[in-house]
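Participant: Predicted structure and sequence below. I'll ask about it afterward.
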Amino acid sequence: MLGLPVPSRLFWKIFGSLWLAIAAIAFCVDFVVDAMFQSELRQSPDLSIGYRAELATTLVATTLHHADVEGTRQLFMEWSGKRELPVLVVNARGEDILARTVPAPALAQAVAMINQDSAERSVQRVLTPSGEAYVLFVPLLLLPASAPHQHVYRYAESTRAEVLAMALVSLLFAAGLTWYLYRPIRHLHDANRRFAAGDLDTRVGQLIGDRRDEIADLGRDFDDMAGRVQSTIEAKSRLLHDVSHELRSPLARMQIALELTRQTPAKTGEMLERIAYEIDRLDKMLGETLTLSRLKSRSERPGEECFNLVELLVDIVEDARFETASNSRQIEFLAHDDVLITGRSELLRSAIENVIRNAIVHTLDGAAVIVDLSSATPGFVTIRVCDGGAGVPDEELGALFEPFFRGRNGEKAQGYGLGLSIARHAVEAHGGQVCASNIVGGGLCVSLILPVTTLDE
């Protein structure tokens, strides 16, 4: 269970950013408010105007109109608001009902605004029930001597409690935001360390949950990367294990041949031929393994050579027919228009030859291997190599292209189960894909799908 990362660097960065944002907003608001205040001062240099002054003046005016002078005095005496009511109530003789000092410039400006029928409601003229007229206004000079130039209702009083409340709110917000961001990052950090330590099953998808943001995308990318790395490492481990296993058999036979040579000198020639045969098989296997390793690591990348696939297939089929001339197996080749492919012709030749040779090995005597070239999918060409054998169990179709896999019918094979795996990686290196399927009635069909090259590319 991850705790709140309270003295983490991320927390203090977020907290500091919030305070900088608050300070910037406060500065901008103060600047705008000050500009508005200066504009109001130019319009009314001696009077306080605005909606708060209007509210106070209207309150006193309503009381004066209905409760006369005594009721208004009672209002001032019993007023319990945070601030005193700074409204002057001046009669025709220029006297305030509470005997407060009446600034002459403010009074003159108030009377002038009333005479001009100004729409400003912070200055009002009221008739009492007794018929006496009073002028009500809020002068600036009633402010405390410590702030003689500020508007009466312009600035709120900043208290320590308000500052502490702002600090607490920003602290809680920063902590919540930090927790929201920090927890998945911490999961990623821990997962990265576990993965680097060798725990290849490490994933963070379930820990991050259903988040839909860039951090969640990063977690999913980590899982994808971890899965690919794990698959690559496991594949290399399996390949190393399989190679080691396959090497043991010919080496064991060579050791037996050497021992028989020592025990029976008369069989030396025969045993040397056996050792040479095993060495040749080892050389072929190691060569195929090296080719497969290069294809898996993408070091064998297709070049920019453009060639005719039909011509390549014709050469491969002719070579295969020459090799099968001594038996009753036939090879049929079906193709129509020319097809251009960009890549390495020798790499594809090796891939297609491996598939065709595998089909020949599993084709029954008197049956035929069919090599068909078609362009059913726009932008792609499909090479289908179908044998005349017994087919492959459905549960083995997915494993046919794995290294050293030979299946139940593997006793017919003369190789090491690397040919189809090399073919798959060679085709994938050209941007294509390989798949296998059983034919109804018997036989296996391997399809090699490759992207074609158009003349305007």
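Facilitator: Good, I have the coordinates.
Participant: biggest helix in the protein, by residue count?
Facilitator: In the chain, taking DSSP state H as the definition, the longest helix is helix 214-263.
Participant: residue ranges of the strands in the stretch 301-450 of the chain, please?
Facilitator: Ranges of strands in the stretch 301-450 of the chain, per DSSP state E, counting those that start in this stretch, are 305-308, 330-334, 340-343, 368-374, 380-386, 433-438, 444-451.
Participant: Tell me the buried residues in the last one?
Facilitator: Right, the one you point to is strand 444-451. 444, 445, 446, 447, 448, 449, 450 (16 or more other CB atoms under 10 Å). All C-beta atoms are positioned from the backbone trio N, CA, C, and that covers glycine.
Participant: With stretch 360-377 instead?
Facilitator: Residues of stretch 360-377 classed as buried under the neighbour-count rule (16+ other CB under 10 Å) are 360, 361, 362, 363, 367, 368, 369, 370, 371, 372, 373.
Participant: before we move on, what about stretch 185-198?
Facilitator: Of the residues in stretch 185-198, 186, 187, 188, 191, 195 count as buried by neighbour count, 16+ other CB under 10 Å.
Participant: Distance-wise, check the second one relative to residue 211.
Facilitator: Separation of residue 187 from residue 211 (CB to CB, to the nearest Å) stands at 11 Å.
Participant: overlap in contacts of the two?
Facilitator: Residues within reach of residue 187 and of residue 211 at once, by CB atoms under 8 Å, 6 or more residues apart in numbering, are residue 219.
Participant: which stretches of the stretch 51-200 of the chain aren't confidently modelled?
Facilitator: Applying pLDDT under 70 to the stretch 51-200 of the chain flags the ranges 82, 141-163, 165-166.
Participant: State the three-state secondary structure for residue 102.
Facilitator: coil (DSSP: H, G, I helix; E, B strand; the rest coil).
Participant: and residue 307, how many neighbours does it have?
Facilitator: Residue 307 has 17 neighbours, counted by other CB atoms under 10 Å.
Participant: How about the contacts made by the closest residue to it other than its chain neighbours?
Facilitator: Spatially, and ignoring its direct neighbours in sequence, residue 307 is nearest to residue 345 (4.7 Å; CB to CB, 6 or more residues apart in numbering). Taking CB under 8 Å, 6+ apart, we find residue 345 in contact with 305, 307, 312.
Participant: mind redoing it with 10 Å?
Facilitator: 302, 303, 305, 306, 307, 308, 309, 311, 312, 315 (CB atoms under 10 Å, 6 or more residues apart in numbering).
Participant: Residue 311 now?
Facilitator: Counting by CB under 10 Å, 6+ apart, residue 311 touches 335, 338, 339, 345.
Participant: Take the residues you listed and, keeping just the buried ones, write it as a ChimeraX select command.
Facilitator: In ChimeraX, a selection of the buried entries from those looks like this (16+ other CB under 10 Å):
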select :335,339,345
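Participant: Tabulate the contacts of residue 311 in CSV, adding columns for distance to residue 174.
Facilitator: CSV is the format used below for those (distance: CB to CB, whole Å):
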residue, distance to residue 174
335, 70
338, 68
339, 64
345, 63
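Participant: Reformat the contacts of residue 311 as a markdown table; add pLDDT and distance to residue 273.
Facilitator: Converted to a markdown table, these look like this (pLDDT from 0 to 100; distance: CB to CB, whole Å):
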| residue | pLDDT | distance to residue 273 |
| --- | --- | --- |
| 335 | 82 | 42 |
| 338 | 80 | 47 |
| 339 | 84 | 45 |
| 345 | 82 | 36 |
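Participant: Between the contacts of residue 311, which sits nearest residue 429?
Facilitator: residue 345 (12.9 Å; CB to CB).
Participant: ok, now how distant is the residue nearest to residue 307 from residue 316?
Facilitator: In terms of CB to CB, residue 345 sits 11 Å off from residue 316.
Participant: show me the contacts for residue 188.
Facilitator: By CB under 10 Å, 6+ apart, the contact list for residue 188 reads 204, 207, 208, 215, 218, 219, 221, 222.
Participant: Out of these, the closest to residue 169 would be?
Facilitator: residue 215 (24.8 Å).
Participant: So what's the predicted local confidence for the residue nearest to the spatial centre of the chain?
Facilitator: Nearest residue to the geometric centre of the chain (CA atoms, centre = their mean): residue 217, 2.8 Å. Residue-level confidence at residue 217 comes out at 81, pLDDT.
Participant: same question, residue 410
Facilitator: pLDDT at residue 410 comes out at 50.
Participant: circling back: ok, and the most crowded of the contacts of residue 345?
Facilitator: Going by other CB under 10 Å, residue 309 tops the contacts of residue 345 with 22 neighbours.
Participant: which residues touch it?
Facilitator: 335, 338-341, 343, 345, 348, 352, 373, 381, 383, 450, 452-453.
Participant: Most widely separated two among the residues you listed?
Facilitator: 335 and 343 (18.4 Å).
Participant: Which of the contacts of residue 345 sits closest to residue 61?
Facilitator: residue 302 (91.7 Å).
Participant: which residues in the stretch 1-150 of the chain form helices?
Facilitator: Using DSSP state H, counting those that start in this stretch, the helices assigned to the stretch 1-150 of the chain run over residues 9-43, 51-78, 104-115.
Participant: Indicate which one of those is closest to residue 427.
Facilitator: So among those, helix 9-43 is nearest, using CB to CB, at 47.7 Å.
Participant: could you give the mean pLDDT of that closest one?
Facilitator: 68.
Participant: How about residue 397, nearest residue that isn't a chain neighbour?
Facilitator: In space, and not counting its chain neighbours, residue 397 is closest to residue 436: 5.3 Å by CB to CB, 6+ apart.
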